[in-house]
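A.B. asks: Just to be clear, the model below is a prediction. Sequence and coordinates:
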Number of protein chains: 2
Amino acid sequence: MALATRSPGAAILSVDISSASIAAARERVRAAGVTNVTFQQADLYAVPFAPRSFDHVFVCFVLEHLPRPSEALAALRGVIRPSGTITVIEGDHGSTYFHPESPYARRAIQCLIDLQARAGGDSLIGRSLYPLMTAAGFNRVDVSPRMVYVDSSRPQLVEGFTRRTFTAMVEAVGTHAVADGLIDGENWARGIRDLYRTAEPDGTFCYTFFKAVARVGGAMP
Amino acid sequence: MALATRSPGAAILSVDISSASIAAARERVRAAGVTNVTFQQADLYAVPFAPRSFDHVFVCFVLEHLPRPSEALAALRGVIRPSGTITVIEGDHGSTYFHPESPYARRAIQCLIDLQARAGGDSLIGRSLYPLMTAAGFNRVDVSPRMVYVDSSRPQLVEGFTRRTFTAMVEAVGTHAVADGLIDGENWARGIRDLYRTAEPDGTFCYTFFKAVARVGGAMP
């Protein structure tokens, strides 16, 4: 939605492997009256598009879920024009730290990292975008970290990021983590409590997203 | 030197608790022909200056070494004019992460953190500048992280930061860490090797400094 509304002149083809997600996205775009987006169900490892047919590919919070992110990047590279570019944005759960420090909170976060690894993903992928994209054949890879720093002078971030985004995301895997035997219920509860503790007036919270842009061809722009 | 040469109109009083450090700094300033700096040996917990006599106090990589940083900040606050300001810059060794990941490298860094804690310091202090300065009575505390991100597209940072600053700093405490029984020589060597590994072409390295500025009085500027 952000890309489509901010670039009304762009013709956007939006891809997902899940038909349910495609249906939900299509409905959202329709309801908002956005007309420059079409949808197609596709597998990133074998994108069904003509070679060198796109000006730009935008990938956000996708590679972290893939067992073979380099292979997906190489497939995407093949459908971008020689003069085209790619933008990749991913998080890195290992970039998380906070005050007050808590081994319980760290352990709860580690459960999320471990569950994502068991599912074939890599929630620490942000820090490795540079070697991944270079290995996939992209040129002039430029990675810029986007650090989110939160203290109580920024109440919207305390609520919107520390509480409702990051801690809520960790909290959501609690049942799964306990059922899988990664942690017991008591330690889990303490970890979540200590994460919410960092949203108190004397707490701080840090997390970093990574944005990478790169070119298919090596020539100067 | 940076402050003195960039603010030639400022009269700077430079303080250290060590007379040897004062002598070294005095010689360096003299040799560079800088004339707007004077020196005084002093204890930050009991600064021997008139109350409300300074326009600005600049503290860099100092609080991390102090057992009672809040007490030092409160003492410094007392010598700043009501309209005055303070700048504090500190690192945070817990903000370190890298690719490839290595438990040995993490353990070597933890030795540095533990040694600093045993010496009464806190090498994770960057993330807690906001509560520390607020508790010390400063107003309008504004903390901004300064993240250093390194990959091989930035060779000067690979050499100047990953190798010669951070890894060299960790490496320097090796004899001490092994002698104190924090780690054995073999694990230490592997940790250092894995830190240097992050400086290879497919490696990345992240570290964050924190800069805080604040006012003594609460009024708008």
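C.D. replies: Arrived safely, thanks for sending. Residues are numbered from 1 along each chain as shown, chains lettered A, B, ... in the order given.
A.B. asks: how near is the closest residue to A:Pro69 other than its chain neighbours to chain B?
C.D. replies: Of all residues not flanking A:Pro69 in the chain, A:Leu63 sits nearest, at 4.1 Å (Cβ to Cβ, 6 or more residues apart in numbering or on different chains). The way it works is simple: take the backbone N, C-alpha and C, and place the C-beta from them, glycine included. A:Leu63 sits 14 Å away from chain B, taking Cβ to the nearest Cβ, to the nearest Å as the criterion.
A.B. asks: for A:Ala108, same thing?
C.D. replies: On the measure of Cβ to the nearest Cβ, A:Ala108 and chain B end up 17 Å apart.
A.B. asks: Give me the phi and psi angles of A:Gly217.
C.D. replies: Main-chain torsions, A:Gly217, degrees, to the nearest 10: phi -80, psi 160.
A.B. asks: Could you pull up the residues touching it?
C.D. replies: Going by Cβ atoms under 8 Å, 6 or more residues apart in numbering or on different chains, A:Gly217 touches A:82-84, A:139.
A.B. asks: 6 Å instead?
C.D. replies: For A:Gly217, the contacting residues are A:82-83, by Cβ atoms under 6 Å, 6 or more residues apart in numbering or on different chains.
A.B. asks: can you tell me if stretch A:133-149 touches chain B.
C.D. replies: Yes. Applying Cβ under 6 Å from any Cβ of the partner chain, one finds stretch A:133-149 touching chain B at A:145, A:147, A:149.
A.B. asks: pull the helix or strand with minimum mean pLDDT from chain A.
C.D. replies: helix A:2-6 (a mean of 94; mean pLDDT, DSSP states H and E).
A.B. asks: which outside residues touch it?
C.D. replies: Contacts for helix A:2-6 (Cβ under 6 Å, 6+ apart): A:12, A:34, A:36-37.
A.B. asks: before we move on, what about stretch A:26-33?
C.D. replies: A:37, A:39.
A.B. asks: can I get the CA coordinates of that stretch in PDB?
C.D. replies: Only the C-alpha atoms of stretch A:26-33 are listed here, as PDB (Å, rounded to 0.1, in the frame of the first residue of the first chain):
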ATOM      1  CA  ARG A  26      -6.200  -7.800  -3.300                       C
ATOM      2  CA  GLU A  27      -9.200  -6.900  -1.100                       C
ATOM      3  CA  ARG A  28      -7.200  -4.300   0.800                       C
ATOM      4  CA  VAL A  29      -6.000  -2.600  -2.400                       C
ATOM      5  CA  ARG A  30      -9.500  -2.700  -3.800                       C
ATOM      6  CA  ALA A  31     -11.100  -1.200  -0.700                       C
ATOM      7  CA  ALA A  32      -8.500   1.700  -0.700                       C
ATOM      8  CA  GLY A  33      -9.300   2.500  -4.400                       C
END
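A.B. asks: List the buried residues of that stretch.
C.D. replies: A:Val29 (16 or more other Cβ atoms under 10 Å in any protein chain shown).
A.B. asks: Now do it, average pLDDT.
C.D. replies: Taken as a whole, stretch A:26-33 has a mean pLDDT of 96.
A.B. asks: and if you look at stretch A:37-44?
C.D. replies: On average, stretch A:37-44 scores 96.
A.B. asks: Give me the contacts around the longest helix seen in chain A.
C.D. replies: Counting by DSSP state H, the longest helix found in chain A is helix A:103-118. For helix A:103-118, contacts defined as Cβ under 6 Å, 6+ apart pick out A:93, A:96, A:123, A:170, A:173, A:177, A:182-183, A:190-192, A:194-195.
A.B. asks: Out of these, which comes closest to B:Ile22?
C.D. replies: Checking the contacts of helix A:103-118 against B:Ile22 with Cβ to Cβ, the nearest one is A:Thr96 at 40.4 Å.
A.B. asks: ok, that closest one - contacts?
C.D. replies: With Cβ under 6 Å, 6+ apart, A:Thr96 has these contacts: A:109, A:207.
A.B. asks: what do you get for A:Leu132?
C.D. replies: So A:Leu132 contacts A:69-70 (Cβ under 6 Å, 6+ apart).
A.B. asks: biggest separation within the contacts of helix A:2-6, which pair?
C.D. replies: A:Ile12 and A:Val34 (9.1 Å).
A.B. asks: Need the nearest residue in space to A:Phe49, chain neighbours excluded.
C.D. replies: Using Cβ to Cβ, 6+ apart, the closest residue to A:Phe49 is A:Val79 (4.6 Å).
A.B. asks: What are the phi and psi values at that neighbour?
C.D. replies: The phi/psi pair for A:Val79 (degrees, to the nearest 10) is phi -100, psi 0.
A.B. asks: go on, A:Val47?
C.D. replies: Torsion angles, degrees, to the nearest 10, at A:Val47: phi -60, psi 130.
A.B. asks: separation between it and A:Leu63?
C.D. replies: Distance check for A:Val47 against A:Leu63: by Cβ to Cβ, to the nearest Å, it reads 14 Å.
A.B. asks: Tell me which of those two has more neighbours.
C.D. replies: Higher neighbour count among A:Val47 and A:Leu63: A:Leu63, with 25 against 19, using other Cβ atoms under 10 Å in any protein chain shown.
A.B. asks: The more buried one contacts A:Ser70, correct?
C.D. replies: No. The pair A:Leu63 / A:Ser70 is not scored as a contact, 9.1 Å apart, by Cβ atoms under 6 Å.
A.B. asks: any low-confidence regions in chain A?
C.D. replies: A:219-221 (pLDDT under 70).
A.B. asks: so what's the spatially most central residue of it up against?
C.D. replies: The structure's chain A has its C-alpha centroid closest to A:Phe61; by Cα atoms, centre = their mean the separation is 2.3 Å. For A:Phe61, the contact set (Cβ under 6 Å, 6+ apart) is empty.
A.B. asks: where does chain A come near chain B, residue by residue?
C.D. replies: A:94, A:97, A:99, A:127-128, A:130-131, A:145, A:147, A:149, A:151, A:202, A:204.
A.B. asks: Turn those into CSV, including neighbour count and distance to B:Ala105.
C.D. replies: Below are the residues of chain A next to chain B laid out as CSV (neighbours: other Cβ atoms under 10 Å in any protein chain shown; distance: Cβ to Cβ, whole Å):
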residue, neighbour count, distance to B:Ala105
A:Gly94, 20, 13
A:Tyr97, 24, 17
A:His99, 24, 23
A:Arg127, 27, 13
A:Ser128, 26, 15
A:Tyr130, 26, 18
A:Pro131, 21, 17
A:Pro145, 20, 19
A:Met147, 18, 21
A:Tyr149, 20, 24
A:Asp151, 28, 29
A:Asp202, 16, 31
A:Thr204, 26, 25
